[in-house]
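Engineer: how would this look folded up:
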Amino acid sequence: MTMVPTQIIPTDAEDVLARVVTVLRNGGLAALPTETVYGLCARADRDEAVRAIFAAKGRPAHNPLIVHGANVEMLSEIGVFGAVANALAERFWPGPLTLVLERKESAPVSALACAGGPTVAVRIPEGSLLREASAAIGPLVAPSANRSGRVSATTADAVMAELSGRIELLADGGPSLIGLESTVVDVTGSPTLLRPGAIPAEALEAIVGPLAS
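Structural biologist: Okay, the predicted model is just below:
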């Protein structure tokens, strides 16, 4: 892949949102902090931007990406929210919970982000910068900002060690508050825990009952 200079900007800089939006809107890659880990962000609606995510991470194309949105209304255009999904979203979003939904045929998301499958993973993060960027651009794919198979990056230094020269912009927001990836639950049928994470299963089961695994 073509190497590019990686610019670093603190999240409290006055022009940080404008710079992030410019990079992402033009199809580039930006690493942004979230409450879980740093996310490697790109537009979810452009095949070439999604391909760039897989290339930068060295991630297999059969491994789908999580789509991040600014609000439930945005994500409702992507996936089908049933009663269980709505209950979990109301309790845990914004926050470290990813829901796997049935993907709508009209979803403004590249099929590459879903590995060509019928489902889509979605989340609303607590990180305000990522949500603000999504509100300005639309849904963003944002896997962890590190090479595939490596430890998830929880600091700007870790992002640079993994992805320097592979991304256009890094927004430095200090260490991740949680430092653990989101919990992933499939709600296309009986709620099923796909990946343990920052929200314990017991908290989820208090809302929806026992989880399959």
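Engineer: what segments of this structure are strands?
Structural biologist: Counting by DSSP state E, the segments of the chain that form strands are 7-10, 30-32, 39-43, 66-68, 79-80, 97-103, 119-123, 140-141, 169-172, 183-186, 192-195.
Engineer: let's have those in a markdown table, adding distance to Ala201 and mean pLDDT.
Structural biologist: Any C-beta I mention is one placed from the backbone N, CA and C, and that applies to glycine too. What follows is these, written out as a markdown table (distance: least, Cβ to Cβ, whole Å; pLDDT from 0 to 100):
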| stretch | distance to Ala201 | mean pLDDT |
| --- | --- | --- |
| strand 7-10 | 36 | 98 |
| strand 30-32 | 28 | 98 |
| strand 39-43 | 23 | 98 |
| strand 66-68 | 19 | 98 |
| strand 79-80 | 22 | 98 |
| strand 97-103 | 11 | 98 |
| strand 119-123 | 17 | 98 |
| strand 140-141 | 26 | 98 |
| strand 169-172 | 32 | 98 |
| strand 183-186 | 8 | 98 |
| strand 192-195 | 6 | 98 |
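Engineer: rebuild those strands as CSV, extending it with distance to Arg19 and mean neighbour count.
Structural biologist: Formatted as CSV, these follow (distance: least, Cβ to Cβ, whole Å; neighbours: other Cβ atoms under 10 Å):
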stretch, distance to Arg19, mean neighbour count
strand 7-10, 6, 13
strand 30-32, 8, 29
strand 39-43, 13, 29
strand 66-68, 18, 28
strand 79-80, 30, 20
strand 97-103, 27, 23
strand 119-123, 23, 25
strand 140-141, 15, 28
strand 169-172, 6, 24
strand 183-186, 30, 22
strand 192-195, 32, 15
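Engineer: would you list every one of the helices in this protein?
Structural biologist: 16-25, 47-57, 72-76, 83-92, 128-137, 156-163, 201-208 (DSSP state H).
Engineer: for Ala145, find the nearest of the ones you listed.
Structural biologist: For Ala145, the closest of these is helix 156-163, at 4.7 Å, according to Cβ to Cβ.
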